[in-house]
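Colleague: sequence first, then the predicted structure, then my questions.
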Amino acid sequence: MSLLTRVKNWGKTTNWVDAMPIYTLIVLVAVMAIGSPRFLLPSNLLGLLSQSATLLVMGLGQTFIILLGSIDLSIAAVAAFSTVLVAMFIPSLGYFAYVLGLIYGVLSGLLTGVVHTKARIPSFIASLGASGLWIGMAFVVSNATPITVSSEHIYLTKWVTGNTFGVNNAVYIALITLAITFVLERYTRFGRYVKAIGAGEKASMVSGVAIDRYKILAFMLCATLASFSGVLLSARMAGGSARMADGFQMKAIAVVVLGGTAISGGVGSVLRTFIGVLIVMALDVGMNMIGINPWFQQAIYGGIIILAVALTIDRSRITIIK
Amino acid sequence: MEGLVLYLSLGPNITLPDMSPVLRGGLVNLRQERRLAEHWIERMRIKTPSANALCLNLSGGNQQKVVLSKWLATRVKVFVLDHPTRGVDVGAKEEVYELIRELAAQGIAFLLIADTLEETIGLSNLIFTMRDGVITKRIEAPPERKPSPVELIEGMM
């Protein structure tokens, strides 16, 4: 279907729950624009987007896991440990410190995926355990003190913090990651199988899909993107710390479900997660604008996750809630 | 229903066992996949609002046709049908039978596991009756000389 016919058929082919995230976004943006006309300035929007790059990258990885019908509770911990690794090794390894962070991500995803599939441990437990492991490691390795990238090495962070054509590089990085994950999700065997497994694991199995292999691959992709978000974070903050990704775990789930990807698996898209990130971005700005205490904002996101899940999954079809 | 991923449309279900016909340079060609789905809709006379409809919205008989399509698309030569019309309503049953006959005429072999006598006699050329997991009787059933239900029951008692 061409984009044009899709736009024309928007109201007809999608039910209101499907289309709700985009409407929510439009309403939020409208409210912001009225509350503070500066909000719509391109420079302001791009600034927000560059701040949201880390969240988007995490959310994109989480999307694949939620499409599987699983959940990864270790991404904030993986991101945190990744910031510590990068900040620690930048003086000795230079750019290779970033590669090291990514390699760590690949391996941590492999570990969670293997524990989940081979030991047959539910994904939320396997990843919760992994989360404890990595956040603990981050504290131990960093001696529970933030590590700063010294000024002589700060040039190594410019690929994230610098600008190209007047736009922050983090914006390009986030959008390129979005494009890659979009192709992965829609046009590769991997993406098709992940959705098929999430929508019907038994049917996929009898069709010959190597379930465990694709689940492990999904966890590897998710953790790699989590460590990549850690890489971006450490470059932006010019340092690393076990606490650097605090609060991201819930937000990375919030952006997925706010976009309308069903927590029960099979239905959703990374594009929806992008919408979810934009919604969270607008909410953040809005809550700060009306002066809501940052700690209380966490509480609001908790409520929002539950609300979004309640609205997006068709619970009448699910007989057992576990 | 374990034969289909109900929350996917026809195309992705048909290509699930073998994605190679729609892969171009490692990427799925969605237009090709859609054409493939339309090919099977026509060949198997699947009643669906569109190739994009979720299999969830198809009737039991039409879902069975999608299951047959997806395995035919992999060029299998032998089907094991385990109660293929279970849960399919009466009118649609006849259509599934029609398809099985048509495919058999094209040289595809079927091993039918059934528990109704009419279905067994009507579809099979060779029938084995079983009791307690053991084959008890071998009955030839060519179109011109169909056994009576009693002959089958004898083997089952």
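Modeller: Nice, I can see it. Numbering: from 1, shown residues only, chains lettered A, B, ... in the order given.

Colleague: hang on, residue B:50 in a strand?
Modeller: No - Residue B:50 is assigned coil when assessed by DSSP: H, G, I helix; E, B strand; the rest coil, not a strand.

Colleague: which bits of chain A sit near chain B?
Modeller: Neighbours of chain B within chain A, by CB under 8 Å from any CB of the partner chain: A:1, A:183, A:186-189, A:192, A:195-196, A:199-200, A:202-204, A:206-209, A:266-267. For glycine as for every other residue, the C-beta is placed from the backbone atoms N, C-alpha and C.

Colleague: restricted to helices, list these.
Modeller: Applying DSSP state H to these, the entries found in helices are A:183, A:186, A:187, A:189, A:192, A:195, A:196, A:199, A:202, A:203, A:204, A:206.

Colleague: could you pull up phi and psi at residue B:129?
Modeller: phi -100, psi 150 (degrees, to the nearest 10).

Colleague: circling back to that earlier point, are any of the ones in helices among the residues of chain A next to chain B buried, and which?
Modeller: A:186, A:187, A:189, A:192, A:195, A:196, A:199, A:203, A:204 (16 or more other CB atoms under 10 Å in any protein chain shown).

Colleague: out of those, who's nearest residue A:293?
Modeller: Within these, proximity to residue A:293 (CB to CB) peaks at residue A:195, which comes in at 39.2 Å.

Colleague: how far away is that closest one from residue A:69?
Modeller: Applying CB to CB, to the nearest Å, the value for residue A:195 to residue A:69 is 10 Å.

Colleague: so what sits against both of those two?
Modeller: With contacts defined as CB atoms under 8 Å, 6 or more residues apart in numbering or on different chains, the residues shared by residue A:195 and residue A:69 are residue A:266.

Colleague: list phi and psi for the closest residue to residue A:145 other than its chain neighbours.
Modeller: Nearest non-adjacent residue to residue A:145, counting by CB to CB, 6 or more residues apart in numbering or on different chains: residue A:241, 7.7 Å away. With angles defined as degrees, to the nearest 10, residue A:241 sits at phi -160, psi 150.

Colleague: please enumerate the strands of the stretch 1-150 of chain A.
Modeller: Ranges of strands within the stretch 1-150 of chain A are A:147-148, based on DSSP state E, counting those that start in this stretch.

Colleague: output the below-cut-off pLDDT ranges for it.
Modeller: Within the stretch 1-150 of chain A, the stretches with pLDDT under 70 are A:1-17.

Colleague: if we go to 50?
Modeller: A:1, A:11, A:13 (pLDDT under 50).

Colleague: again, but for chain B
Modeller: Filtered on pLDDT under 50, chain B yields no residues whatsoever.

Colleague: in space, what's closest to residue 115 - neighbours in sequence excluded?
Modeller: No chain specified, so I'll use chain A. residue A:126 (4.4 Å).

Colleague: oops, wrong one, chain B.
Modeller: Nearest residue to residue B:115, sequence neighbours excluded (CB to CB, 6+ apart): residue B:83, at 6.8 Å.

Colleague: that neighbour contacts residue B:113, correct?
Modeller: Yes - counting by CB atoms under 8 Å, residue B:83 touches residue B:113, with 6.3 Å between them.

Colleague: on the three-state scheme, the closest residue to residue B:51 other than its chain neighbours is what?
Modeller: Distances taken as CB to CB, 6+ apart place residue B:37 nearest to residue B:51, at 4.2 Å, with adjacent residues excluded. The local conformation at residue B:37, judged by three-state DSSP, is helix.

Colleague: what about residue B:137, neighbour count?
Modeller: By other CB atoms under 10 Å in any protein chain shown, 15 other residues sit near residue B:137.

Colleague: check which helix or strand covers it.
Modeller: Assessed by DSSP states H and E, residue B:137 sits inside strand B:134-140.

Colleague: and the residue nearest the centre of chain B?
Modeller: Central residue of chain B (CA atoms, centre = their mean): residue B:68, 4.2 Å from the mean position.

Colleague: for it, give its distance to chain A.
Modeller: From residue B:68 across to chain A, the span is 13 Å (CB to the nearest CB, to the nearest Å).
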